[in-house]
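> coordinates for the following, if possible.
(chains A and B)
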There are 2 protein chains.
Amino acid sequence: MDLDETLLMTPGPTFTSHRILQAASKPLVHHREKEFVKIINESYEMLRKLFKTENDVFIITGSGTAAMDAAVSNIVEQGDKVLCIVSGKFSDRLRDMVKNYGGTPVVLGVKPGKTVDPKLVKEKLEEVKGIKAVTMVHNNTSTGSVNPVRDIGEVTKEHDVLLLVDTISSLGGDHIDVDDFHIDLCFSGSQKCLALPPGLSFISVSQKAWEKIERKESKPFYLDLLKYKKSYPQTPFTVAINMVFALDESLKMLFEEGLEKRIKRHEICAEMTREAVKALNLEPFVEDEVASKTVTSVKIPRDINIPREIQRMYSDSKKKMRDKALRETLKKYGVLVAKGQSWKISSDEKVDLLGEIFRIGHMGLVTPKHIITTITALELTLKELGLDVEIGSGIKKAEEVYERRLNELRK
Amino acid sequence: MDLDETLLMTPGPTFTSHRILQAASKPLVHHREKEFVKIINESYEMLRKLFKTENDVFIITGSGTAAMDAAVSNIVEQGDKVLCIVSGKFSDRLRDMVKNYGGTPVVLGVKPGKTVDPKLVKEKLEEVKGIKAVTMVHNNTSTGSVNPVRDIGEVTKEHDVLLLVDTISSLGGDHIDVDDFHIDLCFSGSQKCLALPPGLSFISVSQKAWEKIERKESKPFYLDLLKYKKSYPQTPFTVAINMVFALDESLKMLFEEGLEKRIKRHEICAEMTREAVKALNLEPFVEDEVASKTVTSVKIPRDINIPREIQRMYSDSKKKMRDKALRETLKKYGVLVAKGQSWKISSDEKVDLLGEIFRIGHMGLVTPKHIITTITALELTLKELGLDVEIGSGIKKAEEVYERRLNELRK
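Numbering: from 1, shown residues only, chains lettered A, B, ... in the order given. This is a model prediction of the structure:
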């Protein structure tokens, strides 16, 4: 199988485009020269439009986790109580970070695939005195469920605590309005809905957040947000210049399409995927009401046949066998999807979805045609693994959804 | 002036090549798939050959400062005494980092453009009891002088303290032998002698360093080296995939040329530059004995004429005027060089070389033909700024050096 032919349908990194890759391969200009500052300024302006904010927005050279780390390490001080809404692997990581920097996480655990109830957040903030901040993930990459950021923002505003939100797998694919949602630190990454290669991350910082940051004694160095503020619009350290070229191009593409229409496209791809898998008698991992626009998790049927070779290779683990059987077969048909992840809700409650679910990413530049390709591969995979699948029933359903909704993409 | 035509002769970012940019623009493969792990493993193997080490080597998605921060923040604990050899802007940054993480810097200041005497390091380690580590920069990007890492490595080994060395502007352009020099943490970046775009950094970690890291209580998160060790050969967080493609290509190019021959090329370009500027009656900022192979600093003549427009724009600062007059004129002739930087040697000793020197980078893919182009632009610039320059005298001298040494590149 030629590498280039594998369609990346993982929830990030997602496939990118020639236009973006060409921008990334332009010859370097020096990052301290006015020619570059013009380009990065253009990107900042578009990023603020994308975040829907008047707050400061910065570009950090690093993985999405770098911006996440910047948010936590600039805010959390020794002994700070932080309410951590743990609803998946990355919100578990946020809790780890809070602890890492000496904070005391107050955990509000969410059952995998469920969504957090803002009333519980309110109750927790009233029950536990002195909470300084709330951390959460908007779109759970690990389950495909979405948390109600807007409603939680109302609660944190009312209680005057900081709100830190990971929008890594939703910014540009779902509704985020930093100012309207009262998000103090909003962070995202390049390789998800912006369809860039990984290597850049973004963060917005509210005035309320700056007040805490400025008072804080211990600071990170590379991720010190005050350094980013001071250098703005330049970066304190050499930025990934070619990635900024690519970012600029990707944001131009986004606003050419139009943000609202882009979100609709994600929504339609999500509905096509969900309805198709249901038509194939598979079960989506989360309810329709809380389903993500950018990633769909699907339960792996218990009764698939495991190919002998995979039985031999993973004889120690039934979970691995099921996961590999499904995903390796899909890959043979040219489509790469992601495996189930594991995390801790609390110290005595662990989740392990490996072999339980697989995850289809439909973010960035994914269009209905890629969903059809993916569902085709899925039908053939299920059949090959011994399930009673009516060939064509999934893609028929997907096409029906597409037909019903295509006017929303045209107007 | 078309941007693309400006020749980047700064000490990083340096210009890159089509071959590298093409590798960077290959379609993404997923970073957790075996196809990618094969590529990154190949890069790790070449990086260890380049660092000349059996130690662990990691790739960090971030600027060079990210790897520098990883070195310091994984090692330095509250109250740790660290001997900081401050010989330029980036060794000043290392001292800042030590302080940032609660360490107590013991400063050994070096006059700008000079080099540190290993005997003084030895004396300091004997005089101040309990020093845990020494930080230093191998090649001073801000002055163009080189510090004797090998000799200092002998001293730190003898005194059983950790040695942290910044080789950001020397790795791949000058002799570095991590194991032979007893370097415990050696860090470097992509946009210097490897001629990559910025965005990746590298770090090697010795067994002695691991012992300190493992005992250390407070840890960074994104830059936690133990996380890199645990995930190896994968990365703990999504790596800049396309930059790894480019790194792989750049390292292949390096070993096709041959490391020794590549260092010779840097050395010859440095000598061509130094001899040419002397022939033009300019004064190199550092003595021949301590001169860098990758960057040459040159004093800006006091008696240049400042164009009226620049006089008006920078009327508040004579230094800025001189700097802009020289570098903007050079840029008109298609060559970008870097300005003088400022830093603190100690709390009461500051250095500001803006307007005092300009810096020519000759690293990465710079060849004798680029030196000739640069010197040509310099001759025309000096003439335009009213100096008595014999047109052709600099490039003649450069060519003579080239002729005398070209056999070293051929054998």
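> any stretches of chain A with poor pLDDT?
Residue ranges of chain A with pLDDT under 70: A:1-4.
> check contacts around the residue of it positioned farthest from its centre.
For chain A, the residue at maximal distance from the C-alpha centroid (CA atoms, centre = their mean) is residue A:308, at 34.9 Å. With CB atoms under 8 Å, 6 or more residues apart in numbering or on different chains as the criterion, no residue contacts residue A:308. C-beta here means a position set from N, CA and C on the backbone, and glycine is covered the same way.
> so which residues of chain A form strands?
Per DSSP state E, chain A carries strands over the ranges A:7-8, A:56-61, A:81-86, A:104-109, A:131-137, A:162-166, A:185-189, A:200-205, A:295-299, A:335-336, A:338-339, A:342-346, A:349-352, A:357-361.
> what strands line up against the fifth one, and which way round?
When pairs are called by DSSP bridges, strand A:131-137 turns out to pair with strand A:81-86 (parallel), strand A:162-166 (parallel).
> which of the ones you listed is buried the deepest?
Here the criterion is mean neighbour count by mean count of other CB atoms under 10 Å in any protein chain shown, and of those the winner is strand A:162-166, at a mean of 28.
> quick one: closest of the strands paired with strand A:131-137 to residue A:336.
strand A:162-166 (23.5 Å; CB to CB).
> so the closest one versus strand A:185-189, what angle?
10 degrees (axes from the mean of the first three to the mean of the last three CA atoms, to 10 degrees).
> hmm, who's touching strand A:162-166?
For strand A:162-166, with CB under 8 Å, 6+ apart as the criterion, the contacting residues are A:64, A:68, A:71-72, A:75, A:90-91, A:94, A:132-138, A:149, A:152-153, A:156-157, A:181-188, A:208-209, A:212.
> buried ones among those?
Among the contacts of strand A:162-166, those buried by neighbour count (16 or more other CB atoms under 10 Å in any protein chain shown) are A:64, A:68, A:71-72, A:75, A:90-91, A:94, A:132-138, A:149, A:152-153, A:156, A:181-188, A:208-209, A:212.
> quick check on residue A:238: phi, psi?
Main-chain dihedrals, residue A:238, degrees, to the nearest 10: phi -50, psi 120.
> what's the spacing between it and residue B:324?
Per CB to CB, to the nearest Å, residue A:238 is found 22 Å from residue B:324.
> so between those two, which is more surrounded?
Using other CB atoms under 10 Å in any protein chain shown as the criterion, residue A:238 and residue B:324 rank with residue A:238 on top: 25 against 21.
> wouldn't the more buried one be in contact with residue B:198 here?
Yes - Residue A:238 lies in contact with residue B:198 (CB atoms under 8 Å); the separation is 4.4 Å.
> quickly list what's touching both of those two.
A:31, A:61, B:12, B:13, B:63, B:64, B:189, B:191.
> who touches the nearest residue to the fifth one once chain neighbours are set aside in this structure?
The shortest distance from residue B:63 to any non-neighbouring residue, by CB to CB, 6 or more residues apart in numbering or on different chains, is to residue A:237 (4.0 Å). Residues near residue A:237 by CB under 8 Å, 6+ apart: A:61, A:222, B:63, B:64, B:65, B:66.
> burial check on the residue of the stretch 51-200 of chain A found nearest chain B, number of neighbours?
Nearest to chain B in the stretch 51-200 of chain A, going by CB to the nearest CB, is residue A:199, at a distance of 3.3 Å. Neighbours of residue A:199 under the rule other CB under 10 Å: 31.
> got a list of what the residue of the stretch 201-350 of chain A found nearest chain B touches?
Going by CB to the nearest CB, chain B is nearest to residue A:240 of the stretch 201-350 of chain A, at 3.2 Å. Residue A:240 makes contacts with A:61, A:199, A:200, B:63, B:197, B:198, B:199, B:240, B:243, as judged by CB under 8 Å, 6+ apart.
> among these, which are in helices?
residue B:243 (DSSP state H).
> who in the stretch 201-350 of chain A is up against chain B?
A:218-223, A:236-243, A:336 (CB under 8 Å from any CB of the partner chain).
> so what's residue A:279 closest to, chain neighbours aside?
Leaving aside its sequence neighbours, residue A:279 sits nearest to residue A:397 (CB to CB, 6+ apart; 3.8 Å).
> correct me if wrong: that neighbour contacts residue A:281.
No - with contact defined as CB under 8 Å, residue A:397 does not reach residue A:281; the gap is 11.5 Å.
> of these two, which one has the most company?
Under the criterion of other CB under 10 Å, the comparison of residue A:397 against residue A:281 puts residue A:397 first, with 19 against 14.
> the residue nearest the centre of chain A: what's it in contact with?
Geometric centre of chain A, nearest residue: residue A:169, 1.6 Å, by CA atoms, centre = their mean. Counting by CB under 8 Å, 6+ apart, residue A:169 makes contact with A:11, A:12, A:139, A:141, A:192, A:193, A:292, A:294, A:295, A:363.
> could you find the closest non-adjacent residue to the fourth one?
Using CB to CB, 6+ apart and skipping residues adjacent in sequence, the residue nearest residue A:141 is residue A:169, 4.4 Å away.
> grab the longest helix from chain A for me.
helix A:259-279.
> can you name every helix or strand that it contacts?
On a contact count with 3 or more CB pairs under 8 Å, 6 or more residues apart in numbering or on different chains; DSSP states H and E, helix A:259-279 meets strand A:295-299, helix A:368-384, helix A:393-410.
> angle of the shortest one against strand A:357-361?
Spelled out, that is strand A:295-299. 160 degrees.
> for strand A:295-299, packing partners?
helix A:259-279, strand A:357-361.
> could those be laid out in a markdown table, adding distance to residue B:145 and mean neighbour count?
Formatted as a markdown table, the helices and strands packed on strand A:295-299 follow (distance: least, CB to CB, whole Å; neighbours: other CB atoms under 10 Å in any protein chain shown):
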| stretch | distance to residue B:145 | mean neighbour count |
| --- | --- | --- |
| helix A:259-279 | 52 | 21 |
| strand A:357-361 | 50 | 27 |
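> now these as CSV including distance to residue B:177?
Formatted as CSV, the helices and strands packed on strand A:295-299 follow (distance: least, CB to CB, whole Å):
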stretch, distance to residue B:177
helix A:259-279, 52
strand A:357-361, 44
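> how near is the residue nearest to the centre of chain A to residue A:97?
18 Å.
> picking up where we left off before, quick one, phi psi at the residue of the stretch 201-350 of chain A closest to chain B?
phi -70, psi 90.
> before we move on, what about residue A:302?
phi -70, psi -20.
> need the contact list for it.
residue A:322.
> what do you get for residue A:30?
Residue A:30 sits in contact with A:36, B:8, B:10, B:13, B:336, where contact means CB under 8 Å, 6+ apart.
> residues of the stretch 51-200 of chain A that sit close to chain B?
A:61-66, A:68-69, A:72-73, A:96-97, A:100-102, A:189, A:191, A:197-199.
> list buried residues within the residues you listed.
The neighbour count (16+ other CB under 10 Å) marks A:61-66, A:68-69, A:72-73, A:96-97, A:100-101, A:189, A:191, A:197-199 as buried among those.
> assess the claim that residue A:268 and residue A:405 are in contact.
Yes - between residue A:268 and residue A:405 there is a contact at 4.9 Å, judged by CB under 8 Å.
> state the number of residues packed around residue A:303.
8.
> mind listing what the closest residue to it other than its chain neighbours touches?
Nearest non-adjacent residue to residue A:303, counting by CB to CB, 6+ apart: residue A:387, 7.1 Å away. Going by CB under 8 Å, 6+ apart, residue A:387 touches A:281, A:301, A:303, A:304.
> for the third one, phi and psi?
Main-chain dihedrals, residue A:303, degrees, to the nearest 10: phi -100, psi 20.
> that older thread, what's the most distant pair in the contacts of residue A:169?
Between all members of the contacts of residue A:169, the farthest pair (by CB to CB) comes out as A:12 and A:292, at 12.3 Å.
> settle this for me: residue A:8 is touching residue A:17, isn't it.
No - Residue A:8 is not in contact with residue A:17 according to CB under 8 Å; the separation is 12.0 Å.
> ok so, going back, apart from its chain neighbours, what residue comes closest to the residue of the stretch 201-350 of chain A closest to chain B?
residue B:199 (3.2 Å).
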